[in-house]
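Colleague: got a sequence here, can you build the structure:
(one chain, ligands or ions: 1)
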Amino acid sequence: MCSREPGHPSHRAPTRQNSLTRDHGVTYYADLTPYRYTLADQAMVNVGWLEPGHEYTRGHVPVRLVDALLKLGTRPRNKLRGFHFCGFCNHYRGSGEIHVVGPTGTRYAAPLLVIHYIFAHGYRPPAEFVDAVLTPMRAIA
Ligand SMILES: [Zn+2]
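Modeller: Next up, the predicted model:
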């Protein structure tokens with residue numbers, strides 16, 4: 001996956017900058033873009049990494065989507081150092097991510113805050129992510 005030439009000084013840590021950015025709370029990633037994180041060992045795509053100043057999709061979501069996310073959120077993945085603060089209201093924080101696999105095998109990585117974004121800020125995740133969450137027993141173990 002790394003396109004740098006072998007031996008290049010930065011060859012061993014191609015995603016280091018991205019990881020630091022994520023740890024420091026500036027965590028905007030457009031929905032369905034490739035997920036990059038040093039601990040990720042499988043290809044995933046981003047969902048719900050919202051930040052003020054970036055447009056996001058608003059709308060109603062099925063109530064059972066929130067129920068399913070809350071259930072998944074009880075066992076968060078990639079619990080990072082510190083917390084993610086909601087950039088919109090600054091009153092909520094979360095730590096960790098929700099990972100799910102969709103029916104077509106696509107893997108999604110969302111911050112635990114995605115539940116708050118849906119509840120408090122009207123965020124509507126991409127339909128394919130909704131489908132993935134609502135497909136039972138597809139959380140990455
Ligand atoms: Zn908020």
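
Colleague: give me the three-state assignment for residue 69.
Modeller: Look at residue 69: counting by DSSP: H, G, I helix; E, B strand; the rest coil, its state is helix.

Colleague: so what's it up against?
Modeller: By C-beta atoms under 8 Å, 6 or more residues apart in numbering, residue 69 lies in contact with 98, 114-115, 118, 133. From N, CA and C alone the C-beta is placed, and that goes for glycine too.

Colleague: out of those residues, which one sits closest to residue 29?
Modeller: For the contacts of residue 69, the minimum distance to residue 29 (C-beta to C-beta) is 11.7 Å, reached by residue 114.

Colleague: nearest spatial neighbour of residue 78, chain-adjacent residues omitted?
Modeller: Leaving aside its sequence neighbours, residue 78 sits nearest to residue 97 (C-beta to C-beta, 6 or more residues apart in numbering; 4.7 Å).

Colleague: does the one you found touch residue 111 like I think?
Modeller: Yes: if you go by C-beta atoms under 8 Å, residue 97 and residue 111 touch, sitting 5.7 Å apart.

Colleague: and the contacts of stretch 27-36?
Modeller: With contacts defined as C-beta under 8 Å, 6+ apart, stretch 27-36 is touched by 15, 18, 21, 43-51, 53-54, 56-57, 84, 107, 109, 111, 125-126, 128-129.

Colleague: all strands of the chain, in order?
Modeller: 45-46, 84-85, 93-94, 97-101, 107-111 (DSSP state E).

Colleague: what is the last one packed up against?
Modeller: Translated: strand 107-111. strand 45-46, strand 97-101, helix 127-134 (3 or more C-beta pairs under 8 Å, 6 or more residues apart in numbering; DSSP states H and E).

Colleague: just put those in JSON lines and tack on distance to the ion.
Modeller: Below are these laid out as JSON lines (distance: least, C-beta to the ion, whole Å):
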{"stretch": "strand 45-46", "distance to the ion": "18"}
{"stretch": "strand 97-101", "distance to the ion": "17"}
{"stretch": "helix 127-134", "distance to the ion": "19"}
